[in-house]
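> what follows is a protein structure lacking sequence information:
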Ligand code: SF4
Ligand code: SF4
C-alpha cells in the first residue's frame, strides 16, 4: 500500500479558498442537499461527482450565493474568508465574477444570443475592474488569445450562434477567467460537447490550473473527466456526501458501495468488462429515510444501516467514507469481471445489407421557385452489413451522419440513393410503405425516452399495440405476452397501469425496449438509447439489451448508434466509425480498439478521459484542431484531411485507398498499414 | 438579412396578387347582375347598360383584370360611382389621415405597453402585476365602439374638454386641430395595449428564466443591467413580431373608430362605400388595407431581424 506516502491534503495546511460547512438546502419539502462539508485549497481542483438528483449543481450554485427557489436550512459557505449568505445583494454582486466565477454546462444557452461575445466578456471587466472601454477591450482580446481562439479581433464581434460549441465554451472560460478569480466553479463544462472537443477544453482547463493558483470546483457525472482533472474527489448521492478522498486513491480503492457501483458502471474503452448497473432508484428526497441514504440499493446493507445517523468515517489519510461497512467494500463486493468473449458471427447470414447509401438535405430556396441553397450532404455513400444475431455499432461525433443513417434504415426517411436490403428484400421505402412483416421485423429505440412514449397511454397499451397490430393478439393471450415482455425488461406487473409520467428515465427506456421487442423483431435500431440516462442506469439497460439479444428466438440483430466509445467497446461485435457522412473504418470491435487504426479513430480514442489512464495516454498530439468542415462543402479526397493530425499533404486531397489489417476489417487512409503501426506504436 | 427580406418581399408580392384577384372578382362573383346590385331593382335598362359600360363589364374578364391591375400600379384607381370623381386623390388624403391616426396610436401604445409589460414581468406576482393583468383583460374584452362612445361621453359631453367628433373638411389636415385626434388615438392605442402588454410580459418572463440571464447575474451584473441589457433585448422580440401580426386587428379597429368619430380616414371611406355599393372604391380600399397589412408585417419582420442576430447569417 502506498497510503503512507500520500501527503496530508493541502486544505489542512493553508486557509482554504472555499469552505462549505454543513450545508443543507431545501426546495419546498425536498431536501436537495443535506449537511455537505468540503474545503478547497488555493490551486487545488476538487471534483464533485454525482448522478441526476445528487444535488451537485445545487451545491455549485450555492457557492456563488445563487439559490433560485432554494432555501438554506443549515450550514454556511465561506468563500475567501467571507460568509456568502451574509453578503446581501450588493456584496454578492461584488464577489460574483471577480472572486468566484462559473463555467456553465451548456454554453450555447449560457451566453446571451443578442450580444456580441466580446461585449459579454468586456462588460464584467468594466464593471468589476472599473476599466474604461479601451482597456477592457484590450483585456478581452488578451483573454480570447489565452483560451486559444484564433483571430481574437474577429471573434469578439461574433454572436453566439455564429460559433461552435467548443468555441463558445472557450468564450465562457475566458469570461470566467477575466478577473483572475480565486475560485472557478465548473458545472459539467464538457457535457454535451463532442469527445474530441471535450479533450481540447479539458487540456485548456488543465493548463489554466497549472499556470495559476485558482481553486477549481469541478462538477461532473463523468468519473473519467474527474479522474483526469482533479486532485481530490467527493461523491454525492441524493444530497449527501458519501465518500471523499484523493482522486487516485478514491477511484482505485473506493470504500463506499455507491462509489464502487458507479465505477463498475462506467463503460471502459480499454477493456471489455461485464457491466453492472446499480439496481433500484433514488429515494424520495421529500421523505429521507432514517439511517443510510443508500440503504435501498446497497448489497451490503444490514439492520444497523436502517436507523440513526451514519457518520463520515476517516478510513485513511484524507480519505473518508459514510458507510458503516466500508471495510467490507474491498472484500465482499465482487470485482468487475472481464466480459465473456462472444462467439464469432463471421459465418452468419447477413440480415441487413446497405450499399452506397446517400442522403442530401436541400437548403430552403431563397425565393419561391428559385434556385435552392447549397445541399447538406448528410450521407456520402455508406455501405455496411449486419449479420444475424450481431450488434454493429456506428460511432461518430455530431455531424457525422450516424443518426441520418439510422433513420433511413428505420424507414423514417427516404434515401437519396443506394440500397437497403433486409433479409434480401429492398426496404428503402418509408416505414409506413413497408410490408407488414418488414414493419414488425425492424424496430427502433430512441435516445429520448421521454418523448417516445404517448403520455396518455398506459404501459400496457403501449406495449400491447405492436402485439395487436402485428401478431393479432387479443384478450388473455395479449395480456400474458405483455406481462412476459415486461418481466423480461425487469418491470413487474404493477407497471401495467402506469402512465409514462409516473416512470423514471430508466424505466421509460425499458418500456421503449419492451415495445420494440414485443413482436419478436429481427433488427432493432438503437439510436443513443442510453445517452439521456445516468451511468448506473445505462449499465443496466445495456446489460438488458445484450440479454434480450441472447435470448431472442429470432437472433435479433442490433444497429447501435452512439457517440460513446466505451459503450461501443462493451456492446458491439463490429464497429463502423463515421466522419462527415462516410465510414472511415469498419471491423471487429477488438480490431478497431487496437493499433493500427485510422487516424480519426485514433484521435477519438485518445480523447476519451478514463479512470486509471496515465497522463501520457492523454495524447495531446492527437487533438483535433479547427472546425468540422461544412457538410454543404465537404473536403475533397479524404474527408478528414483538414483536421487529421497525421495528414501527409496534397496526397490526402485525393481519394484514399481501402486497406485491411485483419480479416473483415478495412480503413480508408493514404498511410500504409505498416507505417500506421509504426507511428502509433511509437506514440 | 438581405436574403430574408428579399424572400419576404417575394411572398408579399404573391399575397397581394392573390388578394387583388379576389377583390377584382367581387364584381364578377356577385350573384345576379352587378348593375342590379348597384342600382337597385328600379333602374332602367339604359342606366344598367351605362353602368356596365363604365365598369367595363363588356370586355373579357382576364383582360379586364390585367388592365385593372396595370391601372392600379400606375396610381389610377378608377372613378367613384357615387361621387363621380377619380378615386386616387381621395384615397391619398384618406390614407394619410388614417396613417396619422395609426402611427400616433402605435407611438403611444408601444412604449406604454413595453413599460407595463417589463414592469409586470420584473415584479411578477405582485399587486402591480395583478392590477396590470386585470386591466388588460378588461380593456381587451370591451369592443372599440363602446370604448369610443364611453370616451366621447366622458370627455366630449360631460367634461367638454375634447371634441366628441373628429369631422374634417375635405383637404383639411388633422393637425390643423390636434384636439380632434386625442380621443380616436386614445381608443386605438387602448385597444392595442392589452395584447402588447401580455406578450411583452410573457417574453420578459421567459427571458428572466433563461440561462443567459443567470449568467449575467453570476457575472455580478447589477439588477438593472441584467433587466435592461440582457433580458430586454431578447424578451421584446416576440412582442415585435406580434405587433406586426396584430396590425390587421388594429386596422379593423381603425374602421370602427373612424366611423364612431366620423374621422375621414380610409376605414370610414370603406364603410360608406360599402353602404353606397360604390364598387371601385370598395376594391381600392380593400387593396390599400391589404397592402398596408402586408407591408406592416414585412416591417415587423425586418425589425425582428435587426434586433435578433440569430436570424442573421
Ligand atoms: S451504511 Fe450500510 S447501507 Fe449504507 S452504504 Fe454502508 S453498508 Fe450500505
Ligand atoms: S488519408 Fe491523409 S488525411 Fe486522411 S486520414 Fe489518412 S493521413 Fe489523414
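Perfect, thanks for sending it. Quantities reported herein were computed from a predicted structural model and do not represent experimental measurements. Numbering: from 1, shown residues only, chains lettered A, B, ... in the order given. Ligands and ions are numbered 1, 2, ... in the order given.
> break chain B down into its domains, please.
B:2-73, B:87-308 (automatic domain parsing).
> quick one: which of those is nearest residue A:443?
Residue A:443 lies closest, by C-beta to C-beta, to one member of those: domain B:87-308, at 36.4 Å. For glycine as for every other residue, the C-beta is placed from the backbone atoms N, C-alpha and C.
> chain center to the closest one, what's the gap?
Relative to its chain's centre, domain B:87-308 lies at 8 Å (C-alpha atoms, centre = their mean, to the nearest Å).
> same thing with stretch A:305-314?
Counting by C-alpha atoms, centre = their mean, stretch A:305-314 comes out at 32 Å from the chain centroid.
> residue A:153 is in what secondary structure piece?
Applying DSSP states H and E as the criterion places residue A:153 in helix A:152-156.
> and that helix, is it in reach of chain B?
No. Counting by C-beta under 8 Å from any C-beta of the partner chain, chain B is not contacted by helix A:152-156; separation bottoms out at 13.9 Å.
> re earlier: nearest to residue A:313, out of the domains of chain B?
Of all the domains of chain B, domain B:87-308 comes closest under C-beta to C-beta, at 35.5 Å.
> so is the closest one next to chain A?
Yes. Contact of domain B:87-308 with chain A (C-beta under 8 Å from any C-beta) involves B:210-212, B:214-223, B:225, B:229-230, B:233-234, B:307-308.
> picking up where we left off before, would you mind finding the most buried of the domains of chain B?
Ranked by mean neighbour count under mean count of other C-beta atoms under 10 Å in any protein chain shown, the domains of chain B are led by domain B:87-308, which reaches a mean of 19.
> return the distance of the helix or strand containing residue A:76 from the chain's centre.
Assigned by DSSP H and E, residue A:76 falls within strand A:71-79. Computed by C-alpha atoms, centre = their mean, the separation of strand A:71-79 from the middle of its chain amounts to 31 Å.
> hang on, the earlier thing: mind checking which of the residues of domain B:87-308 next to chain A land in strands?
Secondary structure from DSSP state E places none of those in strands.
> pull the residues that contact stretch A:155-173.
By C-beta atoms under 8 Å, 6 or more residues apart in numbering or on different chains, the surrounding residues in contact with stretch A:155-173 are A:103-104, A:107-108, A:110-122, A:137, A:140-141, A:144, A:147-149, A:189-190, A:192-194, A:197, A:200-201, A:204-205, A:208, A:627-628, B:309-310, B:312.
> chain neighbours aside, what residue packs nearest to the residue in the stretch 551-683 of chain A positioned nearest to ligand 1?
Closest residue of the stretch 551-683 of chain A to ligand 1, C-beta to the nearest ligand atom: residue A:611 (20.7 Å). What sits nearest to residue A:611 in space, not counting adjacent residues and going by C-beta to C-beta, 6 or more residues apart in numbering or on different chains, is residue A:227, at 4.5 Å.
> what do you get for residue B:294?
residue B:12 is the one closest to residue B:294 (C-beta to C-beta, 6+ apart), at 4.8 Å.
> what pLDDT, on average, does the helix or strand hosting residue B:182 get?
Assigned by DSSP H and E, residue B:182 falls within helix B:179-208. For helix B:179-208, mean pLDDT rounds to 87.
> and for stretch A:70-86?
93.
> and the end-to-end length of it?
16 Å (C-alpha to C-alpha, to the nearest Å).
> residues near residue A:281, how many?
16 (other C-beta atoms under 10 Å in any protein chain shown).
> that one belongs to a helix, doesn't it?
No. Counting by DSSP: H, G, I helix; E, B strand; the rest coil, residue A:281 falls outside a helix, being coil.
> now it. Nearest residue, chain neighbours left out?
Per C-beta to C-beta, 6+ apart, closest to residue A:281 is residue A:504, 5.5 Å.
> I'd say that neighbour and residue A:280 touch.
No. Contact criterion C-beta atoms under 8 Å: residue A:504 and residue A:280 do not qualify, at 10.4 Å.
> who has more neighbours out of these two?
Per other C-beta under 10 Å, whichever of residue A:504 and residue A:280 has more neighbours is residue A:504, with 16 against 12.
> can you give me the strands for the stretch 251-400 of chain A?
Using DSSP state E, counting those that start in this stretch, the strands of the stretch 251-400 of chain A run over A:313-316, A:319-321, A:350-361, A:376-387, A:391-395.
> can you tell which of those strands is closest to ligand 2?
Nearest of these (C-beta to the nearest ligand atom): strand A:376-387, 14.5 Å.
> setting aside sequence neighbours, what's the nearest residue to residue A:634?
residue A:580 (5.5 Å).
> of the contacts of stretch A:155-173, select the buried ones using a PyMOL command.
Selecting only the buried entries of the contacts of stretch A:155-173 in PyMOL, with 16 or more other C-beta atoms under 10 Å in any protein chain shown as the criterion:
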select buried, (chain A and resi 103+104+107+108+110+111+112+113+114+115+116+117+118+119+120+121+122+137+140+141+144+147+149+189+190+193+194+197+200+201+204+205+208+628) or (chain B and resi 309)
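> pretty sure the residue of the stretch 551-683 of chain A closest to ligand 1 is touching residue A:230, no?
No. Using C-beta under 8 Å, residue A:611 makes no contact with residue A:230, being 11.6 Å away.
> list the contacts of residue A:620.
Contact analysis of residue A:620 by C-beta under 8 Å, 6+ apart lists residue A:203.
> and the gap between residue B:309 and residue A:453?
As judged by C-beta to C-beta, to the nearest Å, residue B:309 and residue A:453 stand 37 Å apart.
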